[in-house]
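Q: task: produce atomic coordinates for the following.
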Amino acid sequence: MKAMLYHASGGPEVLEYTDVDDPVPGDGDVVVEVVATALNRLDLLQRNGWYHMPGFTFPHIAGMDIAGVVAEVGAAVTEWQPGDRVVVDPSMAGVPDNSKLAGMGDLYGELGILGATLDGGYATKCLVPASHCYRVPDHISLEQAATFPTVWLTAGHALFYTGGLSEGETVMIHAAGSGVSVAGIQLAKHAGATVLATAGTDAKCERATEIGADHVLNNRTGDVTGWAMEVTGGRGVDMVFDHVGTALFTQSLFSMGIGGRLVNCGNASGDTATIGSLGHLFHNGLRIMGSDPYRPDEMGPLWDTFCNGIGSGEFTAVIDSEFPLPEAAAAQLKMLESDFFGKILLRP
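A: Residues are numbered from 1 along each chain as shown. A predicted model of the protein is given here:
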């Protein structure tokens, strides 16, 4: 099969489009013929060597978000047949023992993740535990399905499992054009929350309103804290959903009301943060919460919610652009320059 891989960290030039051996399924596995895979910022972080997930090794085939068609099934697989359309849960938590990918489910250690620590979707085929495939209904394209796994599961887990967002609350979501924020905006609106979204350009702010944001601000030209207080009548937001990190951390803390929660699931702008005032933090009962990895049992229910939302028109699978797999370097450059809204796809 063909794959886009790299043997060492570096710029786009380290990516190599080459032939590799076809995957061979274990008894509990399937081989998926990849139709679409979505980029995530981790693809760039690991390729550049800025960060590596525990268990990362070279050579590496990236691509955590995989949708495609079952090409081959293992001897013990009865629920899938060649030709079935599937989307894949990339986390190897909860994998049965009859899979070649079993034993990698430590959520707080070396968690196996397709496209992060294991071979992923930057290829024409991918080995997947049968247990981690989910059927794609007819009303959803495989391209739409590929936008789902990492960002919708990350957003859903952070907003509800970790942060406890509820109907009637207000939530501020940064980097509105990123895949995880596109998912977060729509999930928060679905839950009955009021959404304040910030982005780095006016055009992205406008797009954010189209997918449900109630209030938007260009965070490079506006006063984030002042705006949040103005929109909430001086009360402050109940939650900040943050994966930006350093750049907006202090503003986020001062944008929250009494008992507010800052839920963090990323460090796109840097891995350090400054708390502007411990007094403000403890006096107002603010909480800073890290959103840990999602659990295996979260994929199915949220996938059903996504499929129903796409079918009803409530949700939109926002695809910014598509690139053929040999042009993965150009796709990653587009992401690095933040020149996108939604998900960038690769098509093998």
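
Q: show me where the stretch 151-300 of the chain has its strands.
A: Under the criterion DSSP state E, counting those that start in this stretch, the stretch 151-300 of the chain contains strands at 170-173, 194-199, 215-218, 237-242, 256-264, 287-290.

Q: which strands and helices sit next to the lengthiest helix in the chain?
A: Ranked by residue count under DSSP state H, the longest helix found in the chain is helix 299-312. Of the remaining helices and strands, those touching helix 299-312 by 3 or more Cβ pairs under 8 Å, 6 or more residues apart in numbering; DSSP states H and E are strand 133-135, helix 149-156, helix 179-190. Quick note: C-beta positions are derived from backbone N, CA and C, even for glycine.

Q: so how far is the last one from its chain's centroid?
A: Same thing as helix 179-190. On the basis of Cα atoms, centre = their mean, to the nearest Å, helix 179-190 is displaced by 11 Å from the centre of the chain it belongs to.

Q: quick one: it to strand 237-242, angle?
A: 160 degrees (axes from the mean of the first three to the mean of the last three Cα atoms, to 10 degrees).

Q: give me phi/psi at the closest residue to residue 61 other than its chain neighbours?
A: Spatial nearest neighbour of residue 61, excluding adjacent residues (Cβ to Cβ, 6 or more residues apart in numbering): residue 119 at 4.3 Å. Torsion angles at residue 119 (phi, psi; degrees, to the nearest 10) stand at phi -60, psi 130.

Q: try the one 3 residues further on
A: For residue 122, the backbone dihedrals (degrees, to the nearest 10) come out as phi -80, psi 60.

Q: would you turn the helices and strands packed on helix 299-312 into JSON lines with mean neighbour count and mean pLDDT?
A: JSON lines is the format used below for those (neighbours: other Cβ atoms under 10 Å; pLDDT from 0 to 100):
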{"stretch": "strand 133-135", "mean neighbour count": "19", "mean pLDDT": "98"}
{"stretch": "helix 149-156", "mean neighbour count": "26", "mean pLDDT": "98"}
{"stretch": "helix 179-190", "mean neighbour count": "26", "mean pLDDT": "98"}
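
Q: would CSV of those with distance to residue 328 be doable?
A: Below are the helices and strands packed on helix 299-312 laid out as CSV (distance: least, Cβ to Cβ, whole Å):
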stretch, distance to residue 328
strand 133-135, 24
helix 149-156, 17
helix 179-190, 17
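
Q: residue 230 is nearest to which of these?
A: Distance to residue 230, taken as Cβ to Cβ, is lowest for helix 179-190 among these, at 19.8 Å.

Q: keeping just the C-alphas, turn the closest one into CSV.
A: Only the C-alpha atoms of helix 179-190 are listed here, as CSV (Å, rounded to 0.1, in the frame of the first residue of the first chain):
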residue,chain,number,x,y,z
GLY,A,179,-12.0,21.7,14.3
VAL,A,180,-12.4,21.2,18.1
SER,A,181,-14.0,24.6,18.5
VAL,A,182,-16.3,24.1,15.5
ALA,A,183,-17.5,20.9,17.3
GLY,A,184,-17.6,22.7,20.7
ILE,A,185,-19.7,25.6,19.4
GLN,A,186,-22.3,23.2,17.9
LEU,A,187,-22.4,20.8,20.9
ALA,A,188,-22.7,23.7,23.4
LYS,A,189,-25.6,25.2,21.4
HIS,A,190,-27.2,21.7,21.3
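
Q: report the contact partners of the closest residue to residue 116 other than its chain neighbours.
A: Closest residue to residue 116 apart from its sequence neighbours, by Cβ to Cβ, 6+ apart: residue 53 at 4.9 Å. Residues in contact with residue 53 (Cβ atoms under 8 Å, 6 or more residues apart in numbering) are 42, 46, 111, 113, 116-117.

Q: distance of residue 53 from residue 104?
A: Relative to residue 104, residue 53 is positioned 12 Å away (Cβ to Cβ, to the nearest Å).

Q: before we move on, what about residue 238?
A: 36 Å.

Q: neighbour count winner among those two?
A: residue 238 (23 against 18; other Cβ atoms under 10 Å).

Q: now the residue most central in space within the chain: how far from residue 180?
A: Note on the chain: the residue nearest the mean C-alpha position is residue 151, at 2.2 Å, using Cα atoms, centre = their mean. Counting by Cβ to Cβ, the separation of residue 151 from residue 180 is 4 Å.

Q: can you list the domains in this structure?
A: 2-148+317-347, 151-290 (automatic domain parsing).

Q: list the contacts for residue 245?
A: Per Cβ under 8 Å, 6+ apart, neighbours of residue 245: 264, 266-271, 273.

Q: take those and write them to TSV, including neighbour count, distance to residue 123 and pLDDT.
A: As requested, the contacts of residue 245 are exported to TSV (neighbours: other Cβ atoms under 10 Å; distance: Cβ to Cβ, whole Å; pLDDT from 0 to 100):
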residue	neighbour count	distance to residue 123	pLDDT
264	20	32	97
266	19	26	90
267	18	28	86
268	18	26	84
269	15	30	84
270	11	32	85
271	11	30	87
273	19	36	90
